[in-house]
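Participant: My questions are about this predicted structure, shown below with the sequence.
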Amino acid sequence: MDKILLERSLALVDLPDDGLTVRFYEVLFERYPEVQPMFSRGVRPQAAMLRTAIIAVVDHLEDSAWLSSTLGTLGRRHAELGVTEPMYGAVAECMIATMSEVGDPHWTVEMTAAWSEVLSAVASLMVAAYPDEADASGAA
């Protein structure tokens, strides 16, 4: 993964007051209104946490142990909240669309490709930590 490109593109779109991630949730809810009820506390706290998580992932791209551990924990938490595997694709789609919108006209195809790659990897690590169906039902 091209960490420099990811850092540069994130700097381009990282708006004050969690603006990127707040806008992301607006886009997500416009495109996928069925997920909005999962956010009963409102999006501001979630937007702040998401921004922090994005920055942390980019900062730790070369630390596979940190990524596996941190994203595994986050994945298990998301599984408990009812987040399904297809939702990760919707999140990636909406995040990249939001980044492209905010970064326009400076957003590039290369930036889209880099973020597609990293968001796919993040989703894979998170989903890999989901409990097995047998574990989830309490079966041995």
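Facilitator: Received it, and whenever you're ready, just let me know what you need. Numbers count the residues shown, from 1 in each chain.
Participant: ok, Thr70 touching His60?
Facilitator: Yes. Between Thr70 and His60 there is a contact under Cβ atoms under 8 Å: 7.5 Å. Yep, even glycine has a C-beta here, placed from its N, CA and C like the rest.
Participant: for this protein, what are the low-confidence residue spans?
Facilitator: Along the chain, segments meeting pLDDT under 70 span 133-140.
Participant: just so I have it, where are all the helices in it?
Facilitator: 3-13, 19-31, 43-59, 64-80, 85-103, 109-128, 133-137 (DSSP state H).
Participant: With distance to Pro37 and mean neighbour count as added columns, please give those in JSON lines.
Facilitator: As requested, the helices of the chain are exported to JSON lines (distance: least, Cβ to Cβ, whole Å; neighbours: other Cβ atoms under 10 Å):
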{"stretch": "helix 3-13", "distance to Pro37": "27", "mean neighbour count": "16"}
{"stretch": "helix 19-31", "distance to Pro37": "10", "mean neighbour count": "18"}
{"stretch": "helix 43-59", "distance to Pro37": "12", "mean neighbour count": "16"}
{"stretch": "helix 64-80", "distance to Pro37": "15", "mean neighbour count": "15"}
{"stretch": "helix 85-103", "distance to Pro37": "13", "mean neighbour count": "17"}
{"stretch": "helix 109-128", "distance to Pro37": "21", "mean neighbour count": "16"}
{"stretch": "helix 133-137", "distance to Pro37": "21", "mean neighbour count": "9"}
